[in-house]
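Q: predicted model, plus sequence, below.
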Amino acid sequence: MGLMVVLEQRDGVVRSSSLEILSEGLRLAASDTAVSAIIIGTLLEASIRTIESYDIQTIYLCDESDKDYSPENYRDFLLQAYALELPSVILLPGTDVGNDMAPRIAAHLDAGLATDCISIDMSDGALEAERPIFAGKIIQKVRIATNPAIATLKRNFFKGPNFTSRLEGKAKKPMVKRLQAAKETSTVRSTLREIVRSKRKSSDVTGASIIVSGGRGMKGPENYAILEELAAALSGAVGASRAAVDAGWRPHSDQIGQTGKTVSPELYVACGISGAIQHKVGMINSKCIVAINHDPNAPIFKFADYGIVGDLFQIIPALTEEVRKVKGALG
Amino acid sequence: MKIAVCIRQVPDTASSPKISEDGTELDLSNVQFTINPFDEYALEEALRIKDADKETHLVVVSVGDETIIPSIKKALALGVDEAIHLKPRNASRYFDPLSIASALADELRLHSFDLILFGKKGVDNDNAQTGTMVAQLLGIPCVPNCTSYKLSIPHITAFREVEGGTEIYEVSLPVIITQEKGDNELRYPSLKDLISARRKTVTSKVIELRENTIKVIGFDYPPIRAPGRIVGTGVEAIPELVRLLREDAKVL
Ligand SMILES: Cc1cc2nc3c(=O)[nH]c(=O)nc-3n(C[C@H](O)[C@H](O)[C@H](O)COP(=O)(O)OP(=O)(O)OC[C@H]3O[C@@H](n4cnc5c(N)ncnc54)[C@H](O)[C@@H]3O)c2cc1C
Ligand SMILES: Nc1ncnc2c1ncn2[C@@H]1O[C@H](COP(=O)(O)O)[C@@H](O)[C@H]1O
């Protein structure tokens, strides 16, 4: 039995969500299972450096610098590495790339796949996992009955110890193998023509550790300026409820909730949001929730850690001031 | 142009499923069912293509027992031409995505659809797998999580929402798109539509589902959050809030 982790890199650095699954993979593998890793991309030499000290047996490098990105190429690299290693467990990050790749390889390998797992373990030789369903209202426990078993791991849930060196300094350097893309790429492929990066000043809500979110109570798109300022003072991102997105005030990529993003930041500040169940499920795993609403009976106060009852148009600018003052004093 | 939309029926998003005493089953007896929201978005996109080109033939395909008929009828009332209802013989409470995907692929293979649409995920099991798997089984390309796309036959330009931006793909037909929520508003059927939908064809087929690759062992509720509190009213409450965030919650 072997275990393979699929790692994502950006600009030569292995992403933190990938380090989470690498650590979890090493924990799961314990001492009797070989762990291999696969990295696809362009700045591969730099990426190896970020994981060299982990106790990985083999790192497969898939150079796609001479190709346009295509998910089908990426998938074919994963299948190539799989065929060389034949691991019984494959772990992928619960990111856009991981969640796109996992069903592709699962269908090709005729393997069971559990997506967005929040815990995994081996039991009687099979992979068992817990994963939120119904947007987190229920936790489902599953057993993957196939070999290989495939799982994607939800971000921010595996922050365990870094298994930098399982052998206490004795870890050998990983063996590095390079894989070449098949010369004849299939005509059945989608070609990435362009990536349009969001032009916004504040960062993306996925992965932000502080989110300031505005709902229908913001009254109009122009008023998000005060939220942008609060977010800037907190070094956070700005999110929105569906009511605000449907009104056309904010793009869908900012929507938090069941038909938007699921987030779990350190701090979530909900402004002019009533706290409907479909919104709640997208943010309830935030470490700390603050609600600002002028209706003391708003459902959001039932699950917010701290609430302020009042007019957000007075409270938000004053809160921004206070945050600046406090942060200034802390230097 | 032939378009298929694969639809699933799910408990209403406002509902809260209960877990059975022994923790092995979900009690959905008091739950209202609807078409999966992302499938509704996919349907809407397909209906818009049909609005613009009346020649378009639009089919919905669904795997499930008799209880999904109302969802199929709703799709027909919205303007879908025809429905294929695949009824598993070996009915069990849980079907994993690969077994559903195999059943759908077997049916879709018999037709020649140019465009096959899925929701990006079912809001019940949150799998987000089926559409992408069907594409692999059929050997056609797939662009997941698209907010919108533009047809210029025989190609399609698809806009996929990713962290921090949008990826724009160019693909030739046939293709599978899994639908993310876009900008388009949904339409609702009128009473007249509902009545005329009765005349449309629903083809029922009994099928054999392959064995599940995933077994459900049980269910649990997530941990309950400790109750919070109202810090105060108006701007006067701000200094205390900031103190709590720093000293108690330690998030500032
Ligand atoms: C299938 C489905 C999927 C859905 N998915 C999502 C989703 O992903 N995300 C989502 O958010 N919703 C979703 N919804 C919608 C959800 O049910 C609610 O309608 C929505 O969350 C309401 O948004 P809101 O809180 O901004 O607006 P409202 O419910 O209108 O609340 C506005 C709040 O602002 C307060 N307010 C107004 N003015 C002020 C002021 N000056 N100062 C302070 N407070 C003020 C009001 O007291 C009120 O509580 C979904 C619904 C369905 C049916
Ligand atoms: N039983 C089913 N019948 C038809 N389509 C389905 C079924 N289950 C899932 N789908 C489709 O696959 C999408 C993704 O579902 P899932 O992979 O379960 O999250 C749904 O939005 C539907 O479009």
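A: Happy to help now that I have it. Ligands and ions are numbered 1, 2, ... in the order given.

Q: from now on I want contacts and neighbour counts done on CA atoms only, so please keep to that.
A: Noted.

Q: alongside chain B, which residues does the stretch 151-300 of chain A contribute?
A: Residues of the stretch 151-300 of chain A lying near chain B by CA under 8 Å from any CA of the partner chain: A:188-198, A:203-204, A:206, A:234, A:246, A:252-253, A:258-260, A:266-267, A:277-278, A:288.

Q: of those residues, buried ones?
A: If you count burial by 16 or more other CA atoms under 10 Å in any protein chain shown, the buried members of these come out as A:188-193, A:203-204, A:206, A:234, A:246, A:252-253, A:258-260, A:266-267, A:277-278, A:288.

Q: sorry, back to before: keep only the residues of the stretch 151-300 of chain A next to chain B that also lie close to ligand 1.
A: Of the residues in those, proximity to ligand 1 by CA under 6 Å from any ligand atom holds for A:258-260, A:278.

Q: ok, so of those residues, who is nearest residue B:201?
A: Residue B:201 has its nearest neighbour among those in residue A:259, at 31.3 Å by CA to CA.

Q: who's in contact with the spatially closest residue to the closest one that is not a sequence neighbour?
A: Excluding the flanking residues, the one nearest residue A:259 by CA to CA, 6 or more residues apart in numbering or on different chains is residue B:181, at 7.0 Å. Going by CA atoms under 8 Å, 6 or more residues apart in numbering or on different chains, residue B:181 touches A:252, A:259-260, B:38, B:41, B:146-147.

Q: let's see it at 10 Å
A: Remark: with contacts taken as CA atoms under 10 Å, 6 or more residues apart in numbering or on different chains, residue B:181 is in contact with A:252-253, A:259-260, B:37-42, B:119-120, B:145-148, B:161.

Q: ok, longest helix in the chain?
A: If you meant another chain, say so; for now it's chain A. Using DSSP state H to define each element, chain A has its longest helix at helix A:312-330.

Q: wait, chain B was what I had in mind.
A: helix B:37-52.

Q: quick one: that one near ligand 2?
A: Yes: contact between helix B:37-52 and ligand 2, assessed by CA under 6 Å from any ligand atom, occurs at B:38-39.

Q: ok, and for that helix, which residues are buried?
A: B:37-47, B:49-50.

Q: pLDDT for these - can I get that in JSON lines?
A: As requested, the buried residues of helix B:37-52 are exported to JSON lines (pLDDT from 0 to 100):
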{"residue": "B:37", "pLDDT": "97"}
{"residue": "B:38", "pLDDT": "98"}
{"residue": "B:39", "pLDDT": "98"}
{"residue": "B:40", "pLDDT": "97"}
{"residue": "B:41", "pLDDT": "97"}
{"residue": "B:42", "pLDDT": "98"}
{"residue": "B:43", "pLDDT": "97"}
{"residue": "B:44", "pLDDT": "97"}
{"residue": "B:45", "pLDDT": "97"}
{"residue": "B:46", "pLDDT": "97"}
{"residue": "B:47", "pLDDT": "97"}
{"residue": "B:49", "pLDDT": "96"}
{"residue": "B:50", "pLDDT": "96"}
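
Q: closest one of those to ligand 1?
A: Ligand 1 has its nearest neighbour among the buried residues of helix B:37-52 in residue B:37, at 5.4 Å by CA to the nearest ligand atom.

Q: what's near enough to touch that closest one?
A: Listed by CA under 10 Å, 6+ apart, the contact set of residue B:37 reads A:258-259, B:7-10, B:12-13, B:43, B:119-123, B:179-181.

Q: now, of those residues, which are buried?
A: Buried, going by 16+ other CA under 10 Å: A:258-259, B:7-10, B:12-13, B:43, B:119-123, B:179-181, out of these.
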